[in-house]
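Colleague: Got a predicted structure plus its sequence, pasted below:
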Amino acid sequence: VAMAAITAELAAPHQGSQREGSVRFNVELSPMASAAFAAGKPGEGAVELARLVERCMRGSGALDLEALCVLPGRKVWCLRVDVHVLDSCGNLVDVCCLAALAALLGFRKPQVEVDQSAGEGEAQVIVHAPEVREPQP
């Protein structure tokens with residue numbers, strides 16, 4: 001059993017992908033899931049599991065990184081998918097992949113507005129709260 005949560009922040013794009021946002025995956029194996037897991041810094045198993053989840057998500061075509069672009073070359077959404085294993089009953093790779101996919105399918109990014117009136121070549125990005133404008137898929 002696992003649960004996943006997504007956090008998003010606006011940041012500058014990576015050098016090689018000016019029109020694409022980024023998605024990072026993190027898997028936490030806590031002692032609550034199994035006595036075999038230790039608390040603290042992620043172990044080798046958690047890091048390898050996060051890499052497998054990332055490879056699975058990228059290979060499936062489920063991620064549209066271009067949809068995370070707000071202002072090409074300046075601002076993109078950077079998502080962090082945190083998967084928390086609640087109970088280690090077996091087949092952690094599939095469970096973590098399904099939790100990450102469910103979180104990505106349910107994720108709604110806040111609506112943004114680009115204000116060009118800030119000055120020469122400077123654009124200001126305004127992020128609207130969910131109470132003000134409905135988040136978009």
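Modeller: Done, it's in. Numbering: from 1, shown residues only.
Colleague: what's the single longest helix in this protein?
Modeller: helix 44-60 (DSSP state H).
Colleague: Could you name the helices and strands sitting against that one?
Modeller: strand 22-29, strand 75-85, helix 92-106 (3 or more C-beta pairs under 8 Å, 6 or more residues apart in numbering; DSSP states H and E). (Each C-beta comes from the backbone N, C-alpha and C, glycine too.)
Colleague: Please dump the ones you listed into JSON lines; it should also carry mean neighbour count for every row.
Modeller: As requested, the helices and strands packed on helix 44-60 are exported to JSON lines (neighbours: other C-beta atoms under 10 Å):
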{"stretch": "strand 22-29", "mean neighbour count": "20"}
{"stretch": "strand 75-85", "mean neighbour count": "21"}
{"stretch": "helix 92-106", "mean neighbour count": "18"}
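Colleague: still on that earlier bit, the helix or strand following the longest helix of the chain: partners in the sheet, and parallel or antiparallel?
Modeller: The helix or strand immediately downstream of helix 44-60 is strand 69-71, counting by DSSP states H and E. Strand 69-71 pairs in its sheet with strand 75-85 (antiparallel), by DSSP bridges.
Colleague: Run through who's touching the longest helix of the chain.
Modeller: With C-beta atoms under 8 Å, 6 or more residues apart in numbering as the test, helix 44-60 has contacts from 23-29, 37, 42, 63, 81, 83, 92-93, 96-97, 100-101, 104.
Colleague: thinking again about what came up before, tell me which of the helices and strands packed on helix 44-60 sits nearest to residue 126.
Modeller: Closest of the helices and strands packed on helix 44-60 to residue 126 is strand 75-85, at 11.1 Å (criterion: C-beta to C-beta).
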